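Okay, predicted coordinates and the sequence, questions at the end:
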Amino acid sequence: MSSDKYDEMGRQIYEQIGGIANVKSLYHCMTRIRIALKDPDRVDLEKLKQVPGVIGVVAGETLEIVVGPGVNTKVAQSMVKAAGVQENDPFPENLEQNSTSSYDENKTAVMQKAASVHTAQKASLKNTWWRSALEHISAIFVPLIPAFVGAGLISGVAGILRNMMTAKMLPLSWNLGVTVLGVIANGLFIYLNIYVGINAAKEFGATPGLGGIIGGIVYLPGVVAPMTIPNIFDKLPLAAGQGGIIGVLLSVWLMSYVEKFFHDHMGESLDLIFTPFLTLLIMGLVTIFLIMPFAGWVSNSLVGGINWILHVGGPVAGFILGTAFLPMVLFGLHQILTPIHLQMIQKMGYTPLLPILAMAGAGQVGTAIALWVKCRKNKELTKLIKGALPVGILGVGEPLIYGVSLPLGRPFITACLGGGIGGAVLGAFGNVGSIAIGTSGIALIPLIANNKALIYCFGLLAAYLGGFVLTYLWGVPKSAMVAKNEDGSLVAGTAEPAESAAATEITLASPVSGQIESLTAVPDDVFSKKMLGDGFAVIPNEGTIIAPVDGRILTIMDTKHAITMESATGPLELVLHFGIDTVELEGAPFSIEVASGQHVKRGDIIAKVDLAALKAAGKPTDVMTIITNMEDVAQITPLAAGQVEINQDAVTVKTK
């Protein structure tokens, strides 16, 4: 991919996320571009997934766009260059007026309208406290991952050389070189709390230097035996590093509020001097006498609890952890494990969790090989596997997840189970740990502690074999074995797969009484140009709205002006949108009579609308029924014209 193609990819990403002016900041990690958004509702999630080169998307307040290793760096650099900033820097506020940095404003406005009514997308972007916490953890630790990888591998090489010296395979003259390698690696690991404190302060909006000092305080610098500082709870001496990463995160988070308080209440002439002085004094005392004892207890309990589970659960615990890790990756929940890994490394010298979780990626590799063997006539699929498999073997699993196994469905499940088999093998042996984080797959081998790299390799082979066998026997869809060219077209003379679902006819009722009309007549381009999909509209003469088909309610807009549902057969994915630009009314004219997840029958009342209030607000009252998964629709046939009654047959939809 040439540099201009990276620029084009970045431009298309900007188009589908609401424009460059909708970005707060962005940076890349190992396989993803992570973008902090001003308004997540402006993202067109489906079109973003269709951008050439985008493997997958994890939606949230921080948008994660999976593009694979190598590509992520170049696209991220192109995108920040367009904004005139560096990665992680805030984007300028005036980009909307900058013609060299923004894209077509009319198109952006249309996209914003489309996003405002695409409620399924909005629901998936909805932020929660736990998602926000995970995003903070990700932003703190992801920038450190290259350091973990580099320092960890150097430490691993030093360990191998040290073992070879012990076994007299190398002369003792190598000791100086091994010592130097240790010094380089420990530049990260010995002072890790300080780096975490600086990054945490940046993320929580505090002064980075103060965050670094808090991280340094945890080491108790200057406290040399026989001098000690007592733990106020049990009167035992505090230990340097007690509480570790967990304590630093908690202290810096609290410090951000303390510092903000003084900034808000301190006069300008005193702020520069007394705010850092008082913040550091207060949080230093709180850290030493409260947080270090508390975080130390939490840390000991957490590490002890995990070790107990692995010891008692053995292969069962390993199987569960290895199986569950890929679903955690899909939802971004794996980020919570980063401080746990680091805490275990600080307490024990290694983390026994990472090698077990790394088996999930190995299961993906076995699955991909099975698909390659069994679907070799499908050149489109095998091309994807060829590109994703090498990095998958090295431990970067997203290309295989989003490009191969997840879209096919069953292979994703067999890959998870293959990872569970590898995890069970490591759980059976026990105490197979990694001295650093950041890599998995075969790249983790040099980081395995206590001379157990061979056992880790046994686990990898078990996961490879488990993923391969399970997929080969049960996990290959017939549709994946159809002969296709690299562009996805069928090879001449090839029939569609036999397991394709038979065509279904589904009748949709009018959700309201009134004048039925084509979507092309709706006074809004998003609907009239069928940007969301096809369907029909009704200009209502009464305010009761019913379900047009048997099915299940998926999401309800916070502003109550739209509902998404899926039909019980087919299924069809529907958006029921009440009025035009009614999102601006913040739900006032609407009453929702159902809940998300509720099953409904055709004719059940799902909402009521105050038509007089809509008209008084100057809003068109059209009620739209839109099919959003048009790729599954073969034909839509109108059944009614003119005036229709509520629950009268309106259209018949034939699926493919």
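Happy to help now that I have it. Numbers count the residues shown, from 1 in each chain.

what about G397, neighbour count?
Using other CB atoms under 10 Å, G397 is surrounded by 27 other residues. In short, each C-beta sits where N, CA and C put it, glycine included.

Could I get the contacting residues of it?
G397 makes contact with 326, 329, 360-361, 364, 440 under the criterion CB atoms under 8 Å, 6 or more residues apart in numbering.

same thing but at 10 Å, please
Residues near G397 by CB atoms under 10 Å, 6 or more residues apart in numbering: 31, 325-326, 329, 358, 360-365, 388, 391, 405, 415, 419, 440-441.

Go through those residues and flag which are in helices.
Within the contacts of G397, residues falling in helices by DSSP state H are 325-326, 329, 358, 360-365, 388, 391, 415, 419.

Which one of these is nearest to G53?
Within these, the smallest distance to G53 is 13.0 Å, found for A388 (CB to CB).

about what we covered before: now the buried members of the contacts of G397.
Neighbour counting over the contacts of G397 (16 or more other CB atoms under 10 Å) leaves 31, 325-326, 329, 358, 360-365, 388, 391, 405, 415, 419, 440-441 as the buried ones.

ok, back up a step: as a markdown table, the ones in helices among the contacts of G397 with pLDDT would be great.
Converted to a markdown table, those look like this (pLDDT from 0 to 100):
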| residue | pLDDT |
| --- | --- |
| F325 | 90 |
| L326 | 86 |
| V329 | 75 |
| A358 | 93 |
| A360 | 93 |
| G361 | 92 |
| A362 | 94 |
| G363 | 95 |
| Q364 | 93 |
| V365 | 94 |
| A388 | 78 |
| V391 | 77 |
| A415 | 94 |
| G419 | 95 |
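
Of the residues you listed, just say which sits nearest to K615.
V329 (49.2 Å).

measure the closest one to A21 for me?
Separation of V329 from A21 (CB to CB, to the nearest Å) stands at 31 Å.

same check, this time on M266
According to CB to CB, M266 and A21 sit 34 Å apart.

These two: which is more packed in?
A side-by-side neighbour count of M266 and A21, using other CB under 10 Å, places A21 first with 23 against 15.

Which residue, other than its chain neighbours, is closest to V80?
Using CB to CB, 6 or more residues apart in numbering and skipping residues adjacent in sequence, the residue nearest V80 is E87, 5.4 Å away.

For that neighbour, which three-state class applies?
At E87 the chain is in coil, as set by DSSP: H, G, I helix; E, B strand; the rest coil.

Was I right to think it contacts S25?
Yes. Here E87 reaches S25: they are 7.9 Å apart, a contact under CB atoms under 10 Å.

Next, count neighbours for A317.
Other residues close to A317 by other CB under 10 Å number 19.

That one contacts L357, doesn't it?
No. Counting by CB under 10 Å, A317 stays clear of L357, with 11.9 Å between them.

For the stretch 551-656 of the chain, which residues score under the pLDDT cut-off?
Within the stretch 551-656 of the chain, no range satisfies pLDDT under 70.

now the helices for it?
611-616 (DSSP state H, counting those that start in this stretch).

Strands of that one, start to end?
With strands called from DSSP state E, counting those that start in this stretch, the stretch 551-656 of the chain shows them at 551-556, 562-567, 573-578, 590-592, 599-600, 605-609, 623-627, 633-638, 643-644, 649-655.

Dump those into TSV; add distance to G10 and mean neighbour count as well.
Output for these, formatted as TSV (distance: least, CB to CB, whole Å; neighbours: other CB atoms under 10 Å):
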stretch	distance to G10	mean neighbour count
strand 551-556	30	20
strand 562-567	31	24
strand 573-578	30	26
strand 590-592	39	19
strand 599-600	43	16
strand 605-609	41	20
strand 623-627	31	25
strand 633-638	33	13
strand 643-644	47	16
strand 649-655	37	18
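
now these as a markdown table including distance to I291?
Compiled in a markdown table, the strands of the stretch 551-656 of the chain are given as follows (distance: least, CB to CB, whole Å):
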| stretch | distance to I291 |
| --- | --- |
| strand 551-556 | 40 |
| strand 562-567 | 45 |
| strand 573-578 | 49 |
| strand 590-592 | 45 |
| strand 599-600 | 49 |
| strand 605-609 | 50 |
| strand 623-627 | 53 |
| strand 633-638 | 58 |
| strand 643-644 | 66 |
| strand 649-655 | 58 |
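
residue boundaries of the helices in the stretch 201-350 of the chain?
Assigned helices in the stretch 201-350 of the chain, in chain order: 208-217, 244-265, 268-286, 292-330, 337-348 (criterion: DSSP H, counting those that start in this stretch).

So what's the residue count around G215?
So G215, with other CB under 10 Å, has 28 neighbours.

Please determine how far it is located from L408.
Per CB to CB, G215 is found 45 Å from L408.

Then A83?
Distance of A83 to L408, computed by CB to CB: 37 Å.

Could you give the bridge partners of V66?
R32, G56 (DSSP bridges).

what's it in contact with, if anything?
Taking CB under 10 Å, 6+ apart as the criterion, V66 is in contact with 31-33, 49, 54-58, 72, 398-399, 401-403.

Now, of these, which are buried?
Taking 16+ other CB under 10 Å as the criterion, what is buried in these is 31-33, 54-58, 72, 398-399, 401-403.

Just send those residues back as JSON lines, with distance to W308 and pLDDT too.
What follows is those, written out as JSON lines (distance: CB to CB, whole Å; pLDDT from 0 to 100):
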{"residue": "T31", "distance to W308": "33", "pLDDT": "70"}
{"residue": "R32", "distance to W308": "34", "pLDDT": "81"}
{"residue": "I33", "distance to W308": "39", "pLDDT": "90"}
{"residue": "V54", "distance to W308": "42", "pLDDT": "86"}
{"residue": "I55", "distance to W308": "38", "pLDDT": "81"}
{"residue": "G56", "distance to W308": "36", "pLDDT": "79"}
{"residue": "V57", "distance to W308": "38", "pLDDT": "82"}
{"residue": "V58", "distance to W308": "32", "pLDDT": "78"}
{"residue": "N72", "distance to W308": "38", "pLDDT": "80"}
{"residue": "E398", "distance to W308": "32", "pLDDT": "71"}
{"residue": "P399", "distance to W308": "36", "pLDDT": "75"}
{"residue": "I401", "distance to W308": "31", "pLDDT": "80"}
{"residue": "Y402", "distance to W308": "35", "pLDDT": "72"}
{"residue": "G403", "distance to W308": "38", "pLDDT": "74"}
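
Cheers, nothing more for now.
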